[in-house]
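1. Got a sequence here, can you model it:
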Amino acid sequence: MYGKTAMLGAQELRYILISAAIGLLVGLIVSLYLEFFKLIDSLRPALISINLYLNLILTVLAMFASYLITARLAYTKTTGCGTHIIINSYNFRSGFIDLRDTLIRPIASAITIGLGCSAGLEGPSLVLGGGFASKISQILDLKPEAMRTMMISGAAAGLSAVFKAPLTGVFFALEIPYKRDIAKEAFIPASIASITSYLTLVTVKGTETLFPFMPRIIIPSINDVFHSIILGLLAAVVGVLFVKLHHEFTHLSRRLNVKEYFKPIIGGAIVGLIVVINPYTSGTGYETIRLTLENRMNIQPSIIEALMLLKIVATSVTLSFGGSGGLFIPTIYVGALLGLAYTSMFTGFREVYVMAAMASLLSATSKTLFTPVVFVAETCGPSSIIPTIIAST
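-> As a prediction, the model looks like this:
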């Protein structure tokens, strides 16, 4: 009995050390990746300052390059959202991710987003984290169940690092693998990997939060509860629209009777036109989210609603016609604008309602509850917790 207990204790200690090592490695890799992305992202402003219509050329180039390097060099030849690689690996491949996907898909995403197409950096960060964790698990010859757990923990570490939000990484690992259950076995390794990754990232790049941080605590009133419920209902409607449009554009891309390499050209041209119409739709959209949370957008509700629709279309086309990236941040972007439009029309600006809309829209599109709430609390401040829970439920 004592021998078996000692063996179990040694195995648990081994998994703890592996999780910590994964977190450290992923934190360093994401730090380097963000510098690589910043280099590509810095090229676009200089070029479009010459002529705004260069956006058309850049987005076509971005989509075609993303499609080409994925089709030629990656193991998984399909482009699109990086989260799907993680979910498929967890549910159908026992945590296995080919090293070619780990290296090539994030490069494709950096080109896609850096040159102006619409997607989020969480997609490539998930693939980097999950992919390197999978490779470490293969080298250590872990059993399939353990490799699966380490892979999702590495993905959580990638999310934790890119957002500087360790609890978001933990809850992602618990909620995202299943539709109606949680991956309970991933809690401890994901916690260790996410916290280690976060500490590594902030040691290298500093502790500045992703969005303006509002540390004060707000005790919600009956009015706040009412408006949070309404925002949750509105977010559900917008979320359904987002998901349906994304699926429609995916089906349209598959049905197009043209050579495969023409599809990213068509998609890049559509996204480029949208960016020319409204430059706020390009890239990650971090700056627009920051401006929204600080009430510095200064645009009419009708323009806000048009911008929401343009962002949804730009993101859907990007990820359906050859681009790579994530859906997480574009959803947060649309949610922030939904909150801004609502407060502009009905309540006057309240940042807590914007936060509630951000979390509830992400909850509606991803079918998760705690990850969106924790993400908004970690990146924007704890004042949002009760309204975001109400709106997201």
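
2. if you average pLDDT over stretch 32-43, what comes out?
-> Mean per-residue pLDDT for stretch 32-43: 95.

3. got the buried residues for that stretch?
-> 33-34, 37, 40-41 (16 or more other C-beta atoms under 10 Å). C-beta here means a position set from N, CA and C on the backbone, and glycine is covered the same way.

4. starting at the chain centroid, how far to that stretch?
-> Remark: stretch 32-43 is offset 17 Å from the chain centroid, using C-alpha atoms, centre = their mean, to the nearest Å.

5. Also stretch 204-212?
-> 17 Å.

6. Residues touching that stretch, excluding its own?
-> For stretch 204-212, the surrounding residues in contact (C-beta atoms under 8 Å, 6 or more residues apart in numbering) are 27-28, 31, 34, 163-165, 286, 289-290, 293-294, 378-380.

7. next one: stretch 266-276
-> 52-53, 55-64, 116-118, 253, 256, 258, 281-282, 310, 313-314, 317-318, 320-323.

8. List buried residues within those residues.
-> The buried subset of these (16+ other C-beta under 10 Å) comprises 55-64, 116-118, 253, 281-282, 310, 313-314, 317-318, 320-323.

9. starting at the chain centroid, how far to stretch 57-67?
-> Between the centre of stretch 57-67 and the centre of its chain there are 20 Å (C-alpha atoms, centre = their mean).

10. before we move on, back to that, can you tell me which of the buried ones among the contacts of stretch 266-276 end up in helices?
-> In helices, defined here by DSSP state H, the members of these are 55-64, 253, 310, 313-314, 317-318, 320.

11. Where do the domain boundaries of this structure fall?
-> 2-205, 222-392 (automatic domain parsing).

12. Can I get these in TSV including distance to Arg216?
-> Shown next, in TSV, are the domains of the chain (distance: least, C-beta to C-beta, whole Å):
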stretch	distance to Arg216
domain 2-205	19
domain 222-392	6
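
13. got the residue ranges for the helices in the stretch 1-150 of the chain?
-> 2-41, 43-48, 54-73, 83-92, 99-114, 122-139, 144-163 (DSSP state H, counting those that start in this stretch).

14. now the third one against helix 99-114, angle please.
-> If I follow you right, that is helix 54-73. 180 degrees (axes from the mean of the first three to the mean of the last three C-alpha atoms, to 10 degrees).

15. I'd like to know the average pLDDT value across helix 54-73.
-> Regarding helix 54-73, the rounded mean pLDDT is 95.

16. Can you name every helix or strand that it contacts?
-> On a contact count with 3 or more C-beta pairs under 8 Å, 6 or more residues apart in numbering; DSSP states H and E, helix 54-73 meets helix 43-48, helix 99-114, helix 262-277.

17. Can you check which of those gets nearest to Leu234?
-> helix 262-277 (23.2 Å; C-beta to C-beta).

18. roughly how far out does the closest one sit from the chain middle?
-> Here helix 262-277 is found 22 Å from its chain centre; the criterion is C-alpha atoms, centre = their mean.

19. and that helix, which residues are buried?
-> The neighbour-count check on helix 262-277 (16+ other C-beta under 10 Å) flags 263-272, 274-276 as buried.

20. Repeat that for stretch 341-355.
-> Buried positions in stretch 341-355, judged by neighbour count with 16+ other C-beta under 10 Å: 341-344, 350-355.

21. How much space separates the residue nearest to Ala155 when sequence neighbours are not counted from Leu73?
-> Leaving aside its chain neighbours, Ala155 sits nearest to Gly130 (3.6 Å; criterion: C-beta to C-beta, 6 or more residues apart in numbering). Separation of Gly130 from Leu73 (C-beta to C-beta, to the nearest Å): 18 Å.

22. out of the two, which sits in the busier spot?
-> Gly130 (34 against 15; other C-beta atoms under 10 Å).

23. these two touch, right, that one and Asn88?
-> No - look at Gly130 against Asn88 with C-beta atoms under 8 Å: they stay out of range, at 10.7 Å.

24. Give the next helix or strand downstream of the helix or strand Gly335 falls within.
-> For Gly335, the element it lies in under DSSP states H and E is helix 328-342. Going down the chain from helix 328-342, the next helix or strand is helix 351-366, by DSSP H and E.

25. send the alpha carbons of that following helix over as PDB?
-> Output in PDB follows, covering the C-alpha atoms of helix 351-366 (Å, rounded to 0.1, in the frame of the first residue of the first chain):
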ATOM      1  CA  GLU A 351     -18.400  51.200 -18.500                       C
ATOM      2  CA  VAL A 352     -19.800  48.400 -16.400                       C
ATOM      3  CA  TYR A 353     -22.600  47.900 -19.000                       C
ATOM      4  CA  VAL A 354     -20.000  47.800 -21.700                       C
ATOM      5  CA  MET A 355     -18.100  45.100 -19.800                       C
ATOM      6  CA  ALA A 356     -21.300  43.100 -19.200                       C
ATOM      7  CA  ALA A 357     -22.000  43.200 -23.000                       C
ATOM      8  CA  MET A 358     -18.500  42.000 -23.800                       C
ATOM      9  CA  ALA A 359     -18.700  39.000 -21.500                       C
ATOM     10  CA  SER A 360     -22.300  38.100 -22.400                       C
ATOM     11  CA  LEU A 361     -21.600  38.100 -26.200                       C
ATOM     12  CA  LEU A 362     -18.600  35.900 -25.700                       C
ATOM     13  CA  SER A 363     -20.600  33.600 -23.500                       C
ATOM     14  CA  ALA A 364     -23.300  33.400 -26.200                       C
ATOM     15  CA  THR A 365     -20.900  32.600 -29.100                       C
ATOM     16  CA  SER A 366     -18.600  30.200 -27.200                       C
END
